[in-house]
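Q: Sequence and predicted structure below; questions after.
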Amino acid sequence: MVDAAKTSLVICVEDDEPVRDALRGLLRANGIRVAAFASAEEFLSSVELQTAACLVTDIQLGGISGLDLLDKLATMARRIPSILITAHSDVAVGERAINSGAMRIFLKPVNPSDLLDAIRHALEDRMGQ
């Protein structure tokens, strides 16, 4: 059986460079292929848009927000299992995230093992489709 975490591409969109670097390092250290972007716009204009198997994004980004990114992907018929990260706990934002197709929402700081479990689950679900 193919290991989805080693063959699939996980996208991280985070405008805070140290956080983006930490996410990229965490995923790579766990054998997960990753591409990281500083903005939703940068990701949307990349070639990785076509091969992304999972998306991890901050909700609060400069420019297009993480929630708006999910909505934009839906209008492009690109359904990518998505995990959102936020520093703000807001029920309305949580409801909108779920309605936009987010699989999980984490509050910062994120427990690394919980995030890795969610990513692996997203990749396994995608492979099972």
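A: Arrived safely, thanks for sending. The structure displayed is predicted, hence computed values, not measured ones.
Q: got the contact list for the residue nearest the centre of the chain?
A: Most central in the chain under Cα atoms, centre = their mean is residue 56, positioned 1.4 Å from the mean C-alpha point. Contacts for residue 56 (Cβ atoms under 8 Å, 6 or more residues apart in numbering) come out as 10-14, 23, 82-85, 115, 119. (Each C-beta comes from the backbone N, C-alpha and C, glycine too.)
Q: can you rerun that using 6 Å?
A: 12, 83 (Cβ atoms under 6 Å, 6 or more residues apart in numbering).
Q: secondary structure class for it?
A: With DSSP: H, G, I helix; E, B strand; the rest coil as the basis, the three-state label of residue 56 is strand.
Q: pLDDT at residue 92, what is it?
A: pLDDT, residue 92: 70.
Q: where do the strands sit along the protein?
A: With DSSP state E as the criterion, the chain has strands at 9-13, 33-37, 52-58, 82-86, 102-107.
Q: tell me the angle of the third one relative to strand 33-37?
A: Going back to what we said before, that points to strand 52-58. Angle of strand 52-58 versus strand 33-37, following axes from the mean of the first three to the mean of the last three Cα atoms, to 10 degrees, is 40 degrees.
Q: Same question for the fourth one.
A: If you take the same axes, to 10 degrees, strand 82-86 sits at 50 degrees to strand 33-37.
Q: repeat for the first one
A: In this structure, strand 9-13 runs at an angle of 20 degrees to strand 33-37, with the same axes, to 10 degrees as the basis.
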